[in-house]
Every structure is written in C-alpha cells, then in structure tokens.
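Student: My questions are about this predicted structure, shown below with the sequence.
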Amino acid sequence: MTTTTSLKVQPIAGRIGAEIGEIDLRDALTNETIGEIRKALVHYKVIFFRNQNLDADGQVAFARRFGEVTTAHPTVPSLEGQPEVLDLDYDRTVARANHWHTDVTFVDRPPLGSVLRAVTIPPVGGDTVWANSVTAYQDLPESLRNLADQLWAVHSNAYDYAAPALDLSEEFRAYREVFTSTVYETVHPVVRVHPESGERGLFIGGFVRRLQGLSQTESNDLIRLLQSYVTRLENTVRWRWQAGDVAFWDNRATQHYAIADYGNQSRRMQRVTISGDLPLSVDGKHSQALKGDSSSYTPQEPVIA
C-alpha cells in the first residue's frame, strides 16, 4: 500500500509537539508524504505517531527516509544484529536518562533527529518531556540573547548525563566505563542556527561541561540561567507513552527528559538516530572536535563554506 493522503496533524501543546494520525509507518510512504512529515518535524520540533506496529527493521527503514542513519551510539553497544538500533531496556541497565539533554552533542556532528519506538511501557509513569530550545532563545531578554550569541560551550561524554561521581553502584560504574570508553569533547556554539528553518536556538543540555573563556563557576552560573529558559513549562510537551508509539524529534532544536518515576516496572525503548551536520553559529562559524574521532559513528561530510 502506498500512502499519498495529506497528513492529519494535531498540535498538542502551545509551543512544541504535534501528533500525526491516520498513517501507518510500515507503508511505502511517498516522497511527498515524507516531505510533509519533515516540514511538521521542523515546525513542531517533536512529532508523535500512535498505534504503530513497526519492528526494528521498519524503524530503521523509516528513519532512512530522512537521511543517513548513524550507528547506535559512539560507545554503547547496539541491539544484537541491528547496528543502527540502541536498545534502551531499563530492566537490563541501571542507566536512566532522567536528565535534560540533547542527544550525543559531545561529537562534532550530533544527530539531525532521533526516532524512538516504545516496545514495553509501564502501566503508570515513564513519560518523556521535550523542550523547544528555539522559543527558549526567543524568551531571553535582549541583553542575554546578545551574550548567548557570543558564547561557545565544551560538550563531553566524560560523565553519563552528568551523573554524580559519589555513591555509584558497581553496575552503574561498569556502565559508565563503557559510556566513556572513548572520551569525546567538542566545542559548539551556545546559539545554533537551524540549517533548515534558519531559527536560532539554545544548543546546550546535559553534556555541556564549561563555557570557553570563562571559569567553571561562571560557566555553571550562566549555563544554569540559560537552561532555566529551555525548561520553562511554556516551552515543553509531555508524552504519555503507549506500546507501539513512535516519537520523532528534531535534535537540533530540542532537549528531552525521560522521567524515571516507574520504579521496578518494565520500560523498553529502541532508538535510531539520523546523521546530522556541523552546527553553525550566528556569525557563521562551525563546531570543532577537540577530542575523539566520531567518524565510525556518523558519516563525515565536507563542510560547505
């Protein structure tokens, strides 16, 4: 079956998020439909599809319609037999991403976007929240916007989701050793120009370690201030998962937080990421890798001046 009908798009929050209905992602979607989905993604920042019946192969095939797919993760192993799929099975890992972050910003070319599929969902809890980093930037007073436009931040995977070093379980220490088995550092602009919309957004999140040219104390204070605008409730949308749901978010213009409020209940998600480009600052400069070679994670494209 080939789907050619216009999308049924229903916004679900004032500034971010929309649900796309009456579509089966297993179908042979036309280029026109894929184009409409991409426009909805750029406009709404995160889009949701209920009642899908994708398997891992179908998830990868859908993601590939929007660009080259990365390997599952720069350091964490993939789902067995599926090199592009990161299996987030929280029955088998002690690591939970209950921290505001943008995916894999510690490499120089963070993903364009991520496609996340709900495999097993607890009856209560386990929601995910996304934040719009473009409207966060727009909310800044002019003086703060002007300052943010000039700032560059060092991102690193040196600590998984900024977890504190004290009182870690043996299992978590083992996971963190895998996560940091190769250390990456990249300097990105704090304000990123979106390559498709031209919008400016705050490009920070949980992998930021410091601001270039500032002390650690100054960095922490400024990052905390800017981050507070990202996570204002006005800039967020919360999704209550059902098994089979698919979320697709623009990693260039969002942060997200997986709420760890489900105790020992089962929660399993699978993620596929789409290769991104080098972030661009407001004055036309690109991000630069400081440590670590990410070429095995994401295809390397030449920079077009």
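Tutor: Thanks, I have the structure now. Numbers count the residues shown, from 1 in each chain.

Student: Show me where the stretch 201-305 of the chain has its helices.
Tutor: Along the stretch 201-305 of the chain, the segments classed as helices by DSSP state H, counting those that start in this stretch run 216-230.

Student: What ranges in it fall below the confidence cut-off?
Tutor: 300-305 (pLDDT under 70).

Student: any idea how far Ser281 is from the residue nearest to Gly213 when sequence neighbours are not counted?
Tutor: Spatial nearest neighbour of Gly213, chain neighbours left out: Trp152 (7.9 Å); criterion: C-beta to C-beta, 6 or more residues apart in numbering. To be clear about C-beta, it is placed using only N, CA and C from the backbone, and glycine gets the same treatment. Going from Trp152 to Ser281 by C-beta to C-beta, to the nearest Å gives 8 Å.

Student: Determine the residues that are contacts of both of these two.
Tutor: By C-beta atoms under 8 Å, 6 or more residues apart in numbering, Trp152 and Ser281 have these common neighbours: Pro189.

Student: Counting neighbours, go ahead and name the busier of the two.
Tutor: Ser281 (20 against 16; other C-beta atoms under 10 Å).

Student: hang on, isn't that one packed against Val193?
Tutor: Yes - applying C-beta atoms under 8 Å, one finds Ser281 in contact with Val193, separated by 7.0 Å.

Student: what's the overlap in contacts for these two?
Tutor: Counting by C-beta under 8 Å, 6+ apart, nothing touches both Ser281 and Val193.

Student: Which stretches in the stretch 51-200 of the chain count as helices?
Tutor: 56-64, 133-139, 142-150, 170-179.

Student: wait, which of those helices is closest to Ser294?
Tutor: helix 170-179 (14.5 Å; C-beta to C-beta).

Student: which intervals of the stretch 51-200 of the chain have sub-threshold pLDDT?
Tutor: Those would be 92-97, 159-181, if you go by pLDDT under 70 across the stretch 51-200 of the chain.

Student: quick one: secondary structure of Lys39?
Tutor: Following DSSP: H, G, I helix; E, B strand; the rest coil, the label given to Lys39 is helix.
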